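K.L.:
Got a predicted structure here, sequence first:
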Amino acid sequence: MVTKSEIDGIYDMEKVVEEWEWKRRGPNLEGEATVYCLNEDINLTLKAWKRRSYGFCLLYKSSKVVRRWDTSTPHTNPDGEVITDPHKHYWTERHEDAYAYSVDDVATNDVHQAFLDFLDECNIELRGTYQTGLENHD
(Lines give C-alpha, C1' and ligand atoms only; values in the text may rest on other atoms or scores of the structure.)
Protein backbone atom coordinates (compact mmCIF):
# COMPACT_ATOMS: atom_id res chain seq x y z
CA MET A 1 0.00 0.00 0.00
CA VAL A 2 1.22 3.49 -0.83
CA THR A 3 0.98 5.87 2.12
CA LYS A 4 0.18 9.57 2.13
CA SER A 5 3.56 10.17 3.80
CA GLU A 6 5.34 8.37 0.95
CA ILE A 7 3.45 10.40 -1.70
CA ASP A 8 4.04 13.67 0.18
CA GLY A 9 7.76 12.88 0.33
CA ILE A 10 7.87 12.30 -3.43
CA TYR A 11 5.91 15.50 -4.03
CA ASP A 12 8.52 17.48 -2.07
CA MET A 13 11.55 15.94 -3.83
CA GLU A 14 13.50 17.82 -6.48
CA LYS A 15 12.58 16.35 -9.85
CA VAL A 16 13.44 16.85 -13.52
CA VAL A 17 11.82 16.16 -16.86
CA GLU A 18 14.24 16.08 -19.78
CA GLU A 19 11.84 17.31 -22.45
CA TRP A 20 8.18 17.81 -23.17
CA GLU A 21 6.28 17.44 -26.40
CA TRP A 22 2.59 18.03 -26.85
CA LYS A 23 1.17 15.72 -29.53
CA ARG A 24 -1.84 16.62 -31.63
CA ARG A 25 -4.84 14.30 -31.55
CA GLY A 26 -7.27 16.09 -33.87
CA PRO A 27 -8.14 19.37 -32.14
CA ASN A 28 -6.75 18.06 -28.83
CA LEU A 29 -3.27 17.96 -27.31
CA GLU A 30 -1.78 15.16 -25.19
CA GLY A 31 1.61 14.47 -23.70
CA GLU A 32 3.49 12.05 -21.49
CA ALA A 33 7.04 11.99 -20.13
CA THR A 34 9.17 10.36 -17.45
CA VAL A 35 10.05 12.50 -14.43
CA TYR A 36 13.22 11.66 -12.52
CA CYS A 37 13.66 12.26 -8.79
CA LEU A 38 17.14 13.71 -8.31
CA ASN A 39 18.22 12.11 -5.03
CA GLU A 40 16.18 8.91 -5.15
CA ASP A 41 15.88 6.04 -7.60
CA ILE A 42 12.25 6.84 -8.31
CA ASN A 43 10.77 7.52 -11.72
CA LEU A 44 7.37 9.14 -12.11
CA THR A 45 5.06 9.67 -15.07
CA LEU A 46 3.80 13.09 -16.10
CA LYS A 47 0.64 13.15 -18.22
CA ALA A 48 -1.19 16.14 -19.66
CA TRP A 49 -4.21 16.73 -21.86
CA LYS A 50 -6.03 19.61 -23.48
CA ARG A 51 -9.50 19.03 -24.79
CA ARG A 52 -12.38 21.38 -23.95
CA SER A 53 -10.70 21.63 -20.55
CA TYR A 54 -7.18 20.68 -19.61
CA GLY A 55 -5.26 19.04 -16.84
CA PHE A 56 -2.00 17.55 -15.67
CA CYS A 57 -1.16 14.53 -13.55
CA LEU A 58 2.02 13.36 -11.82
CA LEU A 59 1.86 9.62 -11.17
CA TYR A 60 3.86 7.23 -8.99
CA LYS A 61 3.92 3.52 -9.90
CA SER A 62 1.87 4.33 -13.02
CA SER A 63 -1.39 4.97 -11.18
CA LYS A 64 -0.88 6.60 -7.79
CA VAL A 65 -1.57 10.32 -8.02
CA VAL A 66 1.14 12.47 -6.48
CA ARG A 67 -0.74 15.56 -7.67
CA ARG A 68 -3.35 16.20 -10.36
CA TRP A 69 -4.71 19.54 -11.54
CA ASP A 70 -7.74 20.03 -13.70
CA THR A 71 -10.19 22.65 -14.82
CA SER A 72 -13.20 20.38 -15.16
CA THR A 73 -15.73 21.33 -12.53
CA PRO A 74 -17.62 20.70 -10.40
CA HIS A 75 -15.81 18.06 -8.34
CA THR A 76 -17.39 16.44 -5.29
CA ASN A 77 -15.10 15.22 -2.49
CA PRO A 78 -15.97 11.99 -0.62
CA ASP A 79 -17.21 14.09 2.34
CA GLY A 80 -19.73 15.86 0.06
CA GLU A 81 -17.83 19.15 -0.31
CA VAL A 82 -18.30 20.50 -3.85
CA ILE A 83 -15.38 22.24 -5.54
CA THR A 84 -16.53 24.61 -8.30
CA ASP A 85 -13.15 26.05 -9.30
CA PRO A 86 -10.06 24.58 -10.98
CA HIS A 87 -8.59 22.25 -8.40
CA LYS A 88 -5.79 19.90 -7.40
CA HIS A 89 -6.22 16.30 -6.34
CA TYR A 90 -3.98 14.73 -3.72
CA TRP A 91 -3.41 11.23 -2.34
CA THR A 92 -4.97 9.71 0.77
CA GLU A 93 -4.80 6.06 1.76
CA ARG A 94 -8.54 5.71 2.17
CA HIS A 95 -9.78 7.63 -0.89
CA GLU A 96 -6.69 7.62 -3.13
CA ASP A 97 -7.00 10.76 -5.33
CA ALA A 98 -10.70 11.44 -4.74
CA TYR A 99 -10.05 14.52 -2.58
CA ALA A 100 -9.37 17.90 -4.19
CA TYR A 101 -8.97 21.51 -3.14
CA SER A 102 -9.46 24.82 -4.97
CA VAL A 103 -6.37 26.63 -6.20
CA ASP A 104 -5.48 29.80 -8.04
CA ASP A 105 -1.76 29.27 -8.64
CA VAL A 106 -2.08 27.64 -12.08
CA ALA A 107 -3.05 29.68 -15.15
CA THR A 108 -6.53 28.96 -16.46
CA ASN A 109 -6.38 30.89 -19.72
CA ASP A 110 -3.16 29.48 -21.26
CA VAL A 111 -2.44 25.75 -21.29
CA HIS A 112 1.29 26.31 -21.83
CA GLN A 113 1.65 28.66 -18.85
CA ALA A 114 -0.54 26.34 -16.80
CA PHE A 115 1.76 23.43 -17.63
CA LEU A 116 4.82 25.39 -16.51
CA ASP A 117 2.98 26.51 -13.34
CA PHE A 118 2.15 22.87 -12.57
CA LEU A 119 5.79 21.83 -13.02
CA ASP A 120 6.89 24.61 -10.70
CA GLU A 121 4.29 23.70 -8.09
CA CYS A 122 5.37 20.04 -8.21
CA ASN A 123 9.08 20.93 -7.87
CA ILE A 124 9.88 19.69 -11.40
CA GLU A 125 12.56 21.36 -13.47
CA LEU A 126 12.17 21.24 -17.26
CA ARG A 127 15.76 20.77 -18.45
CA GLY A 128 15.27 20.19 -22.14
CA THR A 129 13.00 21.31 -24.91
CA TYR A 130 9.36 22.26 -24.70
CA GLN A 131 7.30 21.69 -27.84
CA THR A 132 3.87 23.25 -27.81
CA GLY A 133 2.22 20.99 -30.37
CA LEU A 134 1.65 24.07 -32.51
CA GLU A 135 4.90 23.68 -34.42
CA ASN A 136 4.34 23.17 -38.15
CA HIS A 137 0.67 24.00 -37.64
CA ASP A 138 -1.18 26.98 -39.12
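P.N.:
That came through, no problem.

K.L.:
Please settle this for me: is Leu116 part of a helix?
P.N.:
Yes. Leu116 sits within a helix when classified using DSSP: H, G, I helix; E, B strand; the rest coil.

K.L.:
so what's it up against?
P.N.:
Leu126 (Cβ atoms under 8 Å, 6 or more residues apart in numbering). The C-beta positions use only the backbone N, C-alpha and C, and glycine is treated the same way.

K.L.:
quick one: contacts for Leu46?
P.N.:
Contacts of Leu46 by Cβ under 8 Å, 6+ apart are Val17, Trp20, Gly31, Glu32, Ala33, Thr34, Val35, Phe56, Cys57, Leu58, Leu59, Ile124.

K.L.:
out of the residues you listed, which are inside strands?
P.N.:
Val17, Trp20, Gly31, Glu32, Ala33, Thr34, Val35, Phe56, Cys57, Leu58, Leu59, Ile124 (DSSP state E).

K.L.:
Which of those sits closest to Thr84?
P.N.:
Among these, Phe56 lies closest to Thr84 (Cβ to Cβ), at 19.6 Å.
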